[in-house]
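Visitor: Sequence and predicted structure below; questions after.
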There are 2 protein chains.
Amino acid sequence: MKPALGHLEPDSEPFVDSQVNEFGNSMEARPDSPRQNHLLGALPPEEWDRLRPRMEPRAMPLGHVLYESGDAMRHVYFPTTSIVSLLYVMEDGASAEIAIVGNEGIVGISLFMGGETTPSRAIVQSGGQAYRVPGHYLKEEFYRAGPMQRLLLRYTQALITQMAQTAVCNRHHSVEQQLCRWLLMSLDRLASNQLRMTQELIANMLGVRREGVTESAGKLQKLGLIEYSRGTITVLDRSALQAHACECYEVVKKEFDRLLPWVTAT
Amino acid sequence: MKPALGHLEPDSEPFVDSQVNEFGNSMEARPDSPRQNHLLGALPPEEWDRLRPRMEPRAMPLGHVLYESGDAMRHVYFPTTSIVSLLYVMEDGASAEIAIVGNEGIVGISLFMGGETTPSRAIVQSGGQAYRVPGHYLKEEFYRAGPMQRLLLRYTQALITQMAQTAVCNRHHSVEQQLCRWLLMSLDRLASNQLRMTQELIANMLGVRREGVTESAGKLQKLGLIEYSRGTITVLDRSALQAHACECYEVVKKEFDRLLPWVTAT
DNA sequence: GCACATCAGTGCGGTAGCGCACGAAGCGAG
DNA sequence: CTCGCTTCGTGCGCTACCGCACTGATGTGC
């Protein structure tokens, strides 16, 4: 029903690796290194040295589509300061988020899982920076069956948990609870307590009405948990927000921490 | 809220490999071979010969719990005539199905993905037969990085699609549509047009009220698509049922067929 | 500094699904 | 045949969320 975030250019020409701030989220143009991505950061020196020369920095402007449903993936992406949503878009245009990927992960798992494509869309949900690697090289590394493979598989399992829990959450929990969960998950993937993000966008991700988000966000604001203003949302009381969320957030968080312990930053 | 399918014995003593019919679903005690499972059936001779001596036949009675949430998995299961549901059970006892696994797949992917456990429960949703293999041997085979690995990874990706689509379906589609999808998926995993299965059970799987299932099933019955009677549901018009389902069923089906083409039986 | 586009808030009728409570129908055990 | 259990059908009030329409705020570009 909803227009659901138009297609910007479908991964066309390289964006200049600069002015990241212009697009997006709260990172003070600090020097960006691939190893800010936790998966890359966890690679042993040998693997990292092999992969490093293949890494291309990419600016990730809000709304940019990395893969369309069914597209052959030519690269995988390692976000550093950006967040990418995996979104399914229905025939009637309505959408629902499947999972979200930030600096803890990688976009394009179906490349090494063997499918090459997925039925979902990958779209930048919070502008920033990422590094990408031609799929070919990543697969090569993966099929060495070394640390990189183990890492990627564990990450994939964590992602599976996230998807499963999304299904549960969609079934049983209120918009308000889901909003809390979603804010927390996004926050975890940015070193900040602020998101640049309209309610319309959030609604598209959650697959609910914009008005529903407005109402829930209003409630949270009255309670002093967040502050909202024209596309910028600031989280004031993170732990209270967590108390307001459903169990889903914590289940996923714990599973990520368990499977990928070195990520246990936030 | 709901009692959500009690724990029968949590994978304790081996059931006798016989009288499968007593528990479950429509298979006329035909000689059951491990290779009725499509993953096993697709293994090249060499791999199959290595694995074959490790296979233990297991009866899978309805309601039997293979893994509890967080349990260390000691075996993986290859269903042949049974169906297993992966279910998340919430703190308040309500539940929601994450995915379903039949003779096209394997239960226990987190074993080879590296996590060893998942936050979900695996429970027999339709009685029948399966073969199990000690986790140790499967991992060994997996880490040879040969055909078995490729097979399992592709299956895992298909499973991921199923979970993702479950999330979408939970968000956007009516109980009636979901019921259709669910029936079709179960049907695909049994060579039959009949399921033995109470509405209560289906409701638990879908995470909805029993009454909701009653109502939807009633509608479908009036339309002549199915026939219902005390725990036995017969599908009369499969293609009409598919027309009544949402797109989710087909998306998943196509993805399975694409990723695991040799399964394209049903 | 004004115009316009974007974003957020609000109201209102409609409805799908929930929780609850009860009753009827099939089926098995004794 | 009868009792009792399981399974299914139905009614009723309630709530969360939807779709729609419109208004009011807050930037942003010219």
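Guide: Structure's in. What do you need?
Visitor: Doesn't A:Gln162 lie inside a helix?
Guide: Yes: under DSSP: H, G, I helix; E, B strand; the rest coil, A:Gln162 falls within a helix.
Visitor: Model confidence at it, what's the number?
Guide: Per-residue pLDDT puts A:Gln162 at 98.
Visitor: ok, now A:Ser95?
Guide: pLDDT, A:Ser95: 95.
Visitor: tally of neighbours for it?
Guide: Using other C-beta atoms under 10 Å in any protein chain shown, A:Ser95 has 27 neighbouring residues. Backbone N, C-alpha and C define where each C-beta goes, glycine included.
Visitor: distance of it from DNA strand C?
Guide: Distance of A:Ser95 to DNA strand C, computed by C-beta to the nearest atom of the strand, to the nearest Å: 16 Å.
Visitor: ok, that residue touching A:Ser85?
Guide: No: between A:Ser95 and A:Ser85 no contact is recorded; they are 9.3 Å apart, counting by C-beta atoms under 8 Å.
Visitor: Quick check: neighbours shared by these two?
Guide: A:Met205 (C-beta atoms under 8 Å, 6 or more residues apart in numbering or on different chains).
Visitor: just the residues of the stretch 51-200 of chain A that are near DNA strand D, which are they?
Guide: A:174-176 (C-beta under 7 Å from any atom of the strand).
Visitor: 10 Å instead, please
Guide: Residues of the stretch 51-200 of chain A found near DNA strand D (C-beta under 10 Å from any atom of the strand) are A:92, A:94, A:172-179.
Visitor: Which ChimeraX command selects the buried ones in those?
Guide: In ChimeraX, a selection of the buried entries from these looks like this (16 or more other C-beta atoms under 10 Å in any protein chain shown):
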select /A:94,172,173,175,176,177,178,179
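Visitor: and the residues of the stretch 51-200 of chain A next to DNA strand D as JSON lines, adding secondary structure?
Guide: Converted to JSON lines, these look like this (three-state DSSP):
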{"residue": "A:Asp92", "secondary structure": "coil"}
{"residue": "A:Ala94", "secondary structure": "coil"}
{"residue": "A:His172", "secondary structure": "helix"}
{"residue": "A:His173", "secondary structure": "coil"}
{"residue": "A:Ser174", "secondary structure": "coil"}
{"residue": "A:Val175", "secondary structure": "helix"}
{"residue": "A:Glu176", "secondary structure": "helix"}
{"residue": "A:Gln177", "secondary structure": "helix"}
{"residue": "A:Gln178", "secondary structure": "helix"}
{"residue": "A:Leu179", "secondary structure": "helix"}
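Visitor: Distance to A:Thr156 added to the residues of the stretch 51-200 of chain A next to DNA strand D, as CSV?
Guide: Output for these, formatted as CSV (distance: C-beta to C-beta, whole Å):
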residue, distance to A:Thr156
A:Asp92, 30
A:Ala94, 27
A:His172, 25
A:His173, 25
A:Ser174, 30
A:Val175, 29
A:Glu176, 30
A:Gln177, 26
A:Gln178, 24
A:Leu179, 27
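Visitor: what separates stretch A:192-206 from the chain centre, distance-wise?
Guide: On the basis of C-alpha atoms, centre = their mean, to the nearest Å, stretch A:192-206 sits 12 Å off its chain's mean C-alpha point.
Visitor: for it, which positions count as buried?
Guide: A:192, A:195-197, A:199-206.
Visitor: Quickly list what the most centrally placed residue in chain A is bridged to.
Guide: Centroid-nearest residue in chain A, with C-alpha atoms, centre = their mean: A:Val101, separated by 2.6 Å. Counting by DSSP bridges, A:Val101 forms beta bridges with A:Val84.
Visitor: Might you report the residue contacts of it?
Guide: Here A:Val101 is in contact with A:79, A:83-86, A:107, A:122, A:159, A:189 (criterion: C-beta under 8 Å, 6+ apart).
Visitor: try A:Thr156
Guide: A:109, A:113, B:113, B:156, B:160.
Visitor: Which of the helices or strands spans it?
Guide: helix A:147-172 (DSSP states H and E).
Visitor: Next, count neighbours for A:Ser239.
Guide: Other residues close to A:Ser239 by other C-beta under 10 Å number 8.
Visitor: Make sure it is indeed in a strand.
Guide: No: residue state for A:Ser239 (three-state DSSP) corresponds to helix; a strand is not indicated.
Visitor: Distance check, it against A:Ala158.
Guide: Per C-beta to C-beta, to the nearest Å, A:Ser239 is found 23 Å from A:Ala158.
Visitor: Could you give the bridge partners of A:Ala59?
Guide: Where A:Ala59 sits in a bridge, its partners, by DSSP bridges, are A:Gln129.
Visitor: surely it meets A:Arg132?
Guide: No: the criterion here is C-beta under 8 Å, and A:Ala59 misses it with A:Arg132 at 11.0 Å.
Visitor: between these two, who's got more neighbours?
Guide: A:Arg132 (25 against 21).
Visitor: Low-confidence stretches in chain A?
Guide: By pLDDT under 70, the low-scoring segments of chain A are A:1-31, A:263-266.
Visitor: Spell out which parts of it neighbour DNA strand C.
Guide: Going by C-beta under 10 Å from any atom of the strand, the residues of chain A near DNA strand C are A:62, A:171-172, A:196-203, A:209-219, A:221-222, A:227-233.
Visitor: about what we covered before: among the buried residues of stretch A:192-206, which are in helices?
Guide: Assigned to helices by DSSP state H, the following of the buried residues of stretch A:192-206 qualify: A:199-206.
Visitor: with those in mind, which one is nearest to DNA strand C?
Guide: Nearest to DNA strand C among those is A:Gln199, at 3.4 Å by C-beta to the nearest atom of the strand.
Visitor: didn't that closest one look like it was pressed against A:Val208?
Guide: No: between A:Gln199 and A:Val208 there is no contact under C-beta under 8 Å: 10.3 Å.
Visitor: how about the strands in chain A?
Guide: A:56-60, A:65-67, A:75-79, A:83-89, A:95-101, A:121-126, A:128-134, A:194-196, A:226-229, A:232-235 (DSSP state E).
Visitor: Would you pull up how far the helix holding A:Thr156 lies from the middle of the chain?
Guide: 12 Å.
Visitor: Specify the angle between it and strand A:75-79 in degrees.
Guide: Interaxial angle of helix A:147-172 relative to strand A:75-79 (axes from the mean of the first three to the mean of the last three C-alpha atoms, to 10 degrees): 70 degrees.
Visitor: and helix A:147-172 with strand A:95-101, angle?
Guide: Using the same axes, to 10 degrees: helix A:147-172 against strand A:95-101 is 140 degrees.
Visitor: for helix A:147-172, which positions count as buried?
Guide: A:148-149, A:151-172.
Visitor: out of the contacts of A:Val101, which are buried?
Guide: Buried, going by 16+ other C-beta under 10 Å: A:79, A:83-86, A:107, A:122, A:159, A:189, out of these.
Visitor: tell me which of the contacts of A:Thr156 is nearest to DNA strand C?
Guide: B:Ile160 (25.0 Å).
Visitor: Can I get stretch A:157-175 in CSV, CA atoms only?
Guide: Extracted C-alpha coordinates of stretch A:157-175, given in CSV (Å, rounded to 0.1, in the frame of the first residue of the first chain):
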residue,chain,number,x,y,z
GLN,A,157,23.2,-17.8,13.0
ALA,A,158,22.9,-14.6,15.0
LEU,A,159,21.1,-13.0,12.1
ILE,A,160,18.8,-16.0,11.9
THR,A,161,17.9,-15.4,15.5
GLN,A,162,17.2,-11.8,14.8
MET,A,163,14.8,-12.8,12.0
ALA,A,164,13.1,-15.5,14.0
GLN,A,165,12.5,-13.0,16.8
THR,A,166,11.2,-10.5,14.4
ALA,A,167,8.6,-13.0,13.4
VAL,A,168,7.7,-13.5,17.0
CYS,A,169,7.6,-9.8,17.7
ASN,A,170,5.4,-9.1,14.7
ARG,A,171,3.0,-11.7,15.9
HIS,A,172,2.6,-10.9,19.5
HIS,A,173,3.8,-7.4,20.5
SER,A,174,2.4,-3.9,20.3
VAL,A,175,3.6,-1.2,18.1
